[in-house]
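Asks: show me the folded form of this:
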Amino acid sequence: MRYTDRSLRILKYAEMEAEMTTQVVYPIHLLLGVLLERTSVCAELYINYPNLTEILNKRVTDIQYNKDDEGFSYEPFTLNISQTTKRVLAHAEDQMKRFKQIYLNEGHIVDAIFKVNDRLTRAIIDGLDVSRILEIVSLPRDMIVSLKDYSIPSIQKSRITFRKANQKDARSLKTFVEKEFGHGWLDSIENGFSQEKIPIFIALDRQEIIGFACFDVVRRKKGLFGPMGTSLTNRMQGIGFTLLHYCLGEMMEIGYEYAVIGEAGPLEFYEKACNAVVIPKKFTDHR
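Replies: As a prediction, the model looks like this:
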């Protein structure tokens, strides 16, 4: 299983917390690890719930753990983990695959902690505003990219061809999108092809579409990047990175000062690829 850099740090923090208490990594340690990771949505969770770490630390000492539970070895942990933690990670992996992603991230982990319905998990979440925690960390988030001083990075040459889509590509792109990602994006693709200057880039391998990216197509909103997708068998080749920057480059040329990435799933990808930042949630109360 592949992990994002942030999720690997979360697992490491969880181990550190477990080492000071139970010597076995439980789901509550994973949640503490999220709070110790002060970047992106994890930092936002900490800011919105400044007392959550204290609450969880108290529950670590209050929860009745099975003292005979020595746990078992599980990569990439160096400490043993509990059976419940294994179930959490398995659920997180299932969630990752359901969204056709290839890296386990913090959102998958937090969602899985609350979905594994066992005694220890119920003891963790009792009285917490779970829906809000999930809204911050696990649900897709809008991001923003400044284009004021943007310049397209150097693109590594490969056998893949990248170009603007034209009307002749409409049928094959719709077929590709439906096959790889379902029906959800087809209306947006149709919006793109209805425009005089089609705001869609495609990636081709031997004339076969293997990826695409759009802007100004979702609900016909200007300045909104996405959707973007690469076929599952062609991930990790820099295709999404290249498509993203072709779109951002054209958005800059049009005159946009910012690009909004709507409901981004792989936050860390966009943070690293184009310095995108998560748009903070606004809440009326703090718990």
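Asks: rest of the way, CA atoms for contacts and neighbours
Replies: Fine.
Asks: grab the nearest non-local neighbour of residue 106.
Replies: Excluding the flanking residues, the one nearest residue 106 by Cα to Cα, 6 or more residues apart in numbering is residue 7, at 5.4 Å.
Asks: count of neighbours near the one you found?
Replies: By other Cα atoms under 10 Å, the residues close to residue 7 number 23.
Asks: what sits against residue 239?
Replies: Neighbouring residues of residue 239 by Cα atoms under 8 Å, 6 or more residues apart in numbering: 203, 211, 230.
Asks: of those, closest to residue 38?
Replies: residue 230 (30.0 Å; Cα to Cα).
Asks: and the closest residue to that closest one other than its chain neighbours, how far from residue 8?
Replies: In space, and not counting its chain neighbours, residue 230 is closest to residue 211: 4.1 Å by Cα to Cα, 6+ apart. Residue 211 is 28 Å from residue 8, where distance means Cα to Cα, to the nearest Å.
Asks: let me see the mean pLDDT of the strand or helix carrying the residue nearest to residue 230.
Replies: According to DSSP states H and E, residue 211 maps onto strand 208-215. The pLDDT scores in strand 208-215 average 98.
Asks: partner strands of it, with direction?
Replies: Under the criterion DSSP bridges, strand 208-215 sits next to strand 200-205 (antiparallel), strand 224-230 (antiparallel) in its sheet.
Asks: burial count for residue 254?
Replies: 10.
Asks: the one 3 residues further on too?
Replies: A total of 15 residues lie near residue 257 under the criterion other Cα under 10 Å.
Asks: didn't it look like it was pressed against residue 144?
Replies: No: with contacts counted by Cα atoms under 8 Å, residue 257 stays clear of residue 144, the gap being 10.4 Å.
Asks: ok, back up a step: any idea how far residue 160 is from the residue nearest to residue 230?
Replies: Counting by Cα to Cα, the gap from residue 211 to residue 160 is 10 Å.
Asks: got any residues that touch both of these two?
Replies: Taking Cα under 8 Å, 6+ apart as the criterion, residue 211 and residue 160 both touch 203, 204.
Asks: and the two? Which one has more around it.
Replies: residue 211 (25 against 15).
Asks: ok, now how distant is the more buried one from residue 60?
Replies: For residue 211 relative to residue 60 (Cα to Cα), the value is 46 Å.
Asks: swap in residue 122?
Replies: 13 Å.
Asks: who has more neighbours, these two?
Replies: residue 60 (20 against 14).
Asks: residues contacting the more buried one?
Replies: 21, 28.
Asks: same thing but 7 Å
Replies: Listed by Cα atoms under 7 Å, 6 or more residues apart in numbering, the contact set of residue 60 is empty.
Asks: buried sites along the helix or strand of the chain with the lowest mean pLDDT?
Replies: The helix or strand of the chain with the lowest confidence, counting by mean pLDDT, DSSP states H and E, is helix 119-125 at a mean of 85. Using 16 or more other Cα atoms under 10 Å as the test for burial, helix 119-125 gives 120, 121, 123, 124.
Asks: what's the neighbour count on residue 45?
Replies: Neighbour tally, residue 45, other Cα under 10 Å: 23.
Asks: so what does the helix or strand hosting it touch, helix or strand wise?
Replies: Using DSSP H and E, the element containing residue 45 is helix 40-48. Applying 3 or more Cα pairs under 7 Å, 6 or more residues apart in numbering; DSSP states H and E, one finds that helix 40-48 contacts helix 27-36, helix 130-137.
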